[in-house]
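Student: Got a predicted structure here, sequence first:
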Amino acid sequence: VFFCEGGGGGGSGGEWTTLYRSTISSGMTVNYRGGFFFVLQQRTLVTTVIDARTLEKVADIWPPLGDDDDAVDCIHLVASTDDVFLLVHRARDMDCELFSEVYRARHKKPKPEWSKVTDIGDRALFVDRFHGFSVGVGGEDTAGGVKRNCVYTISATPVEDPQGRRVVVYNVEEFHLDRPEVGGTLECRLGGSQVEQMWGEPYWMIPMS
């Protein structure tokens with residue numbers, strides 16, 4: 001993982017600095033929130049917290065333990081201002097589509113550790129393949145709006161268009177933290193458009209404001 005302040009290389013005003021290097025050639029995801037980078041190694045499931053101002057490592061959060069037969073086959077990290085969340089799916093939990101357990105760690109503590117949670121209060125989590133962030137929502141659920149204690153992701157359904165091309169239709173999926181086996185497609189099809197698979201996949205973005 002490299003970091004550049006104030007521009008890219010090639011004489012455009014900044015220089016690349018090595019921020020983090022995996023010692024086991026693991027794939028990684030990188031999130032940023034509230035002055036910290038969160039680097040998750042997908043093989044070891046270790047989350048490293050890095051101070052964005054000093055670029056120094058401030059903590060390693062070791063993965064929640066499980067038995068050998070509880071192997072993790074999917075994981076998402078969600079960055080927040082005062083804590084960080086880990087959405088874990090274990091191979092045995094076939095009834096759960098996106099996650100089967102949620103953990104929270106207070107990353108500003110001297111030795112942060114994961115603890116399992118089923119309620120995150122008046123917040124909602126947004127995840128895609130590589131990133132995740134949380135937003136505050138009102139205490140009252142509103143029809144068609146973002147709900148508290150829920151996770152939102154984007155699903156892709158392959159279809160064939162009238163010309164015989166393989167395309168995908170994207171939809172927003174909603175899951176409740178306390179009932180991870182229950183999910184639902186929201187009535188907000190993303191423009192109703194069909195996208196050719198060659199164009200990749202969508203990602204959530206969080207506005208700076």
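Tutor: Arrived safely, thanks for sending.
Student: CA atoms for contacts and neighbours, from now on please.
Tutor: OK.
Student: what about the protein, any weak spots by pLDDT?
Tutor: 7-13, 65-70, 139-144, 182, 185-194, 197-200, 208-209 (pLDDT under 70).
Student: centroid residue for it?
Tutor: Using Cα atoms, centre = their mean, the residue of the chain that lies closest to the mean C-alpha position is G132, 2.9 Å off.
Student: Quick check, that one in contact with I75.
Tutor: No: counting by Cα atoms under 8 Å, I75 is not a contact partner of G132; they are 11.0 Å apart.
Student: The residue of the chain most remote from its centre: what secondary structure?
Tutor: For the chain, the largest distance from the centre (Cα atoms, centre = their mean) belongs to Q163, which lies 35.1 Å off. With DSSP: H, G, I helix; E, B strand; the rest coil as the basis, Q163 sits in coil.
Student: same thing with L86?
Tutor: strand.
Student: what's the spacing between it and R92?
Tutor: L86 sits 18 Å away from R92, taking Cα to Cα, to the nearest Å as the criterion.
Student: The two: who's more crowded?
Tutor: Using other Cα atoms under 10 Å as the criterion, L86 and R92 rank with L86 on top: 25 against 13.
Student: ok, the more buried one touching H76?
Tutor: Yes: taking Cα under 8 Å as the definition, L86 is a contact partner of H76 at 5.8 Å.
Student: For F133, which residues are in contact?
Tutor: By Cα atoms under 8 Å, 6 or more residues apart in numbering, the contact set of F133 is 78-80, 125-127, 206.
Student: who does it bridge with?
Tutor: F133 forms beta bridges with A79, F126, as assigned by DSSP bridges.
Student: If anything else comes up later, I'll come back, but that's it for now.
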